[in-house]
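Undergrad: The following comprises the amino acid sequence and a computationally predicted model.
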Amino acid sequence: MKRRFPRLAAKASYVRKRKKRFLALFLTVAHVLGALSSVQAIMTARTAQGATAWVVALNSIPVLSVPAYWVFGRTKFEGYVSARRGSDGRSSAVVSTLREEFNAARPPAPSSGNGEARILERLTKLPSTSGNEVQLLRNSEQIFPSIFEGIDAAKSYILVQFYIVRDDDLGRQIKDRLVAAAGRGVGVHFLYDEIGSYGLPDAYRDELQRASIEILPFNSRKGWTNRFQVNFRNHRKVVIVDGRVAWTGGANIGDEYSGGDKDLSPWHDTMVRVQGPAVQAIQLPFFEDWLWSSDKELKLEWRPAAVSAGTGQTVQCIPSGPADSLETCTLYFLSLVNSARSRLWIATPYFVPDEQIVSALELAALRGVEVRILVTDKCDSPLVDLSGWAYVERLGRVGVRFYRHCEGFMHQKVTLVDSDIATVGSANIDNRSFRLNFELTVQVEDRGFAAQVAEMFEKDFKKSRVVGFKEPTERGTQFLMKVRAANLLSPIQ
């Protein structure tokens, strides 16, 4: 060929040399980026094990690891941190006023003698408040009518924030009510997570905007340094009316949450309706999220009003997220587990805890606490479901009892501690909720409310099957291998 077609042979040789040079340059750049990313991983990784894993991967297979690190490797939402620091001049007056107003709504004394109340106040920078009225809302037949009634009664403003918003029957119901409220002169501010609400059509947003409603994505990729960032999510679910009533918990806006998904129905979820000074504490994280998303400060009602002065329920609001200086969600749940003396019941659809949470649960069981963990048997994420099986045998050996809810999909995130503390929120027991998501949990200290939550748990236990701690082993080696493999990906699930 070289003799007969010298030009073609020369051209082919030239092309091969160019490909080799391009490949060499590409690999050189990849290794340089891997080395630079390694330095960042060493400086910012949460644990030495995590830093080691990233350094090995980034330097051995940089072509795959560098893009993965840019998307999944960050543990702090630095853009939000910077915005929060930069907004101090605009928000510090609001926060100072709020804390001063809260002084009048504080409980007479911390009801916990071992300092848990003070820990939470220092962790969240928000005090617990008395004089609240909290209503437990179970499933769509209670949750959405209550929210819609509040929207229809709004006089001044409505704040709406959901991880998932869909343009379906339920999504259109809330849209129509918000449009009607805006038509009455009520200010409406709507925040949604663009990843959780992926596919929300422009027409949905346009109709709200034409009604003078401000609707914005949370915008986790805002700013050039965050452009590859898709791992941080705003998982909060909140509706606030006039700064006087708030709803929060686990439900989103989509037909599946009201029985519209045939595969997952009936859908089980829990939210709370809160009146009293705690509403301002629930409002504060929305204020910060909106400030990040819009660069605008909302003018809201910041004067707490007790439902029953000196009485009512004591409520602590726990906002958490990857912009916090401490791992708020992790530390909160550790404190909650460690405070249990007789009973600790946890309901979560996704149970993929890290080592410190597992150890805390083991210690709770060893000191005689009745630890029950309720998960869903019909999960919408097979990978997460497999990961959850990794903890059954270890925790089961010390007396932790696992229940798998067998009626539809159980999506609630609820905890009951002893006979007086219950929590309802958006956080699951997994790494994503503890470190990557913006979450909101409400803790209620009240025996009457705790009794309602206990009754709800008892009903759910009757719809569940108890899991023997040997069941993962009994399912065979192939199943165990799948469980172990899935659990390796637990940090990003």
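TA: Received, thanks. The structure displayed is predicted, hence computed values, not measured ones.
Undergrad: and Asp263, that's in a helix?
TA: No: counting by DSSP: H, G, I helix; E, B strand; the rest coil, Asp263 is located in no helix; its state is coil.
Undergrad: Checking the closest residue to it other than its chain neighbours next. Helix, strand or coil?
TA: Leaving out its chain neighbours, the residue that sits closest to Asp263 by C-beta to C-beta, 6 or more residues apart in numbering is Lys378, at 7.9 Å. Glycine gets a C-beta too; all of them are placed from N, C-alpha and C. Secondary structure state of Lys378, per three-state DSSP, is coil.
Undergrad: Tell me where the chain is predicted with low confidence.
TA: 1-15, 46-50, 78-79, 81-101, 103-106, 108-115, 221-229, 309-311, 492-493 (pLDDT under 70).
Undergrad: at 50 what do you get?
TA: 1, 111-114 (pLDDT under 50).
Undergrad: what does the domain assignment say about it?
TA: Annotated domains of the chain cover 14-72, 78-111+128-313, 328-492 [automatic domain parsing].
Undergrad: mind checking the SS state of the nearest residue in space to Pro201 that is not next to it in sequence?
TA: Sequence neighbours aside, Asp167 is the residue nearest to Pro201 in space, at 5.4 Å (criterion: C-beta to C-beta, 6+ apart). For Asp167, the secondary structure call by three-state DSSP comes out as coil.
Undergrad: What is the burial count for Asp167?
TA: Using other C-beta atoms under 10 Å, Asp167 has 18 other residues around it.
Undergrad: Using CSV, list the CA coordinates for stretch 121-138.
TA: C-alpha atoms of stretch 121-138 as CSV (Å, rounded to 0.1, in the frame of the first residue of the first chain):
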residue,chain,number,x,y,z
GLU,A,121,-30.6,25.6,70.8
ARG,A,122,-26.9,26.0,70.3
LEU,A,123,-26.9,23.6,67.3
THR,A,124,-29.8,25.3,65.5
LYS,A,125,-29.2,28.8,66.9
LEU,A,126,-33.0,28.9,67.5
PRO,A,127,-34.7,28.5,70.9
SER,A,128,-37.5,26.1,71.6
THR,A,129,-40.8,27.9,72.2
SER,A,130,-43.9,27.1,74.2
GLY,A,131,-47.5,28.2,73.5
ASN,A,132,-47.7,26.3,70.3
GLU,A,133,-50.5,24.1,68.9
VAL,A,134,-49.4,21.2,66.7
GLN,A,135,-51.8,19.0,64.7
LEU,A,136,-50.8,15.7,63.3
LEU,A,137,-51.9,15.2,59.7
ARG,A,138,-51.9,11.7,58.3
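Undergrad: how about that stretch: buried residues?
TA: Residues of stretch 121-138 classed as buried: 121, 123-124, 126-134, 136-138 (neighbour count, 16 or more other C-beta atoms under 10 Å).
Undergrad: now do stretch 141-151
TA: Within stretch 141-151, judged by 16+ other C-beta under 10 Å, the buried ones are Gln142, Ile143, Phe144, Ser146, Ile147, Gly150, Ile151.
Undergrad: next one: stretch 369-384
TA: So for stretch 369-384, counting by 16+ other C-beta under 10 Å, buried means Val369, Val371, Arg372, Ile373, Leu374, Val375, Thr376, Asp377, Lys378, Cys379, Leu383, Val384.
Undergrad: what's near enough to touch the residue nearest to Asp263?
TA: Each residue near Lys378 by C-beta atoms under 8 Å, 6 or more residues apart in numbering is listed here: Asp263, Leu264, Cys406, Gly408, Phe409.
Undergrad: Quick check: the gap between it and Ala117.
TA: From Lys378 over to Ala117 the distance is 38 Å, taken as C-beta to C-beta, to the nearest Å.
Undergrad: So what's the gap between stretch 161-172 and the chain middle?
TA: Distance, stretch centre to chain centre, for stretch 161-172: 17 Å (C-alpha atoms, centre = their mean, to the nearest Å).
Undergrad: Which other helices and strands does the lengthiest helix in the chain contact?
TA: Longest helix in the chain, counting residues (DSSP state H): helix 6-44. Helices and strands touching helix 6-44, by 3 or more C-beta pairs under 8 Å, 6 or more residues apart in numbering; DSSP states H and E, are helix 48-60, helix 62-72.
Undergrad: Which one of those helices lies nearest to Pro201?
TA: helix 62-72 (25.7 Å; C-beta to C-beta).
Undergrad: name the helices or strands packed onto the closest one?
TA: Using 3+ C-beta pairs under 8 Å, 6+ apart, helix 62-72 sits against helix 6-44, helix 48-60.
Undergrad: export the buried residues of stretch 141-151 to CSV and tack on secondary structure and distance to Ala306?
TA: As requested, those are exported to CSV (DSSP: H, G, I helix; E, B strand; the rest coil; distance: C-beta to C-beta, whole Å):
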residue, secondary structure, distance to Ala306
Gln142, helix, 25
Ile143, helix, 25
Phe144, helix, 27
Ser146, helix, 21
Ile147, helix, 23
Gly150, helix, 19
Ile151, helix, 24
